[in-house]
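Enquirer: Sharing a sequence plus its predicted fold:
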Amino acid sequence: MLLSNRIFSVFRTSARGMEAQRIALGAASENIANATTSRTADGDAYALKRAVQEAPEAGGRFGGLLVRAEMEMHRTDPRHMTGSELSTRLTEGDLGPTTEVQEEVRLRAQYDPTHPHADAQGYVYYPDVNIVEEMARMISANRIYEANLSAVQAAKEMIKRSLEI
């Protein structure tokens, strides 16, 4: 059971990273799709979406376990130190930051007095979406997702080769 926890923690960590990038990619693509939306279904302005990663509290459980492991290294011969106690106490919640989507209303005014949503001065307010910035976010999220996928593939290959021995 101890070995399987260690092996599968690689997959859980990569899955957390892939989930974060999926959320970031979805937020960026939604921003691009709504770049010319002057009003949403509820009548409000479209709010830009940003995927924000929040780290656990300073150090959290992982930090405490790491400090204890370092203390144990001072008391024992470092060549004989194992991380078994540390790895068995970690849960999925300790595998990194969580990702959530936050909204921000930033508008740009465009003069179009014939538009049905124009105000008294003839301005229509659109979300201030920078297409180049959003595309860069999408490319970055895609590359990080691929890196996590490569880590999963490498871990699978190592497990496969270790079983062949």
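Expert: Good, I have the coordinates.

Enquirer: buried ones in the longest helix seen in the chain?
Expert: When the chain is parsed with DSSP state H, its longest helix is helix 131-164. Within helix 131-164, the residues scored as buried using 16 or more other Cβ atoms under 10 Å are 134, 137, 138, 141, 144, 145, 148, 151, 152, 155. From N, CA and C alone the C-beta is placed, and that goes for glycine too.

Enquirer: wait, which of those is closest to residue 16?
Expert: Closest approach to residue 16 among the buried residues of helix 131-164 (Cβ to Cβ): residue 148, at 8.7 Å.

Enquirer: my read: that closest one touches residue 11, true?
Expert: No: taking Cβ atoms under 8 Å as the definition, residue 148 is not a contact partner of residue 11, at 10.2 Å.

Enquirer: Show me whatever sits in contact with both of these two.
Expert: Residues touching both residue 148 and residue 11 (Cβ atoms under 8 Å, 6 or more residues apart in numbering): there are none.

Enquirer: ok now stretch 27-45, how far from the chain's centre?
Expert: 22 Å (Cα atoms, centre = their mean, to the nearest Å).

Enquirer: Quick one: residues in contact with that stretch.
Expert: Taking Cβ under 8 Å, 6+ apart as the rule, stretch 27-45 contacts 46, 48-51, 101, 105, 107, 115, 117, 124-127, 129, 131, 134-135, 137-138, 141.
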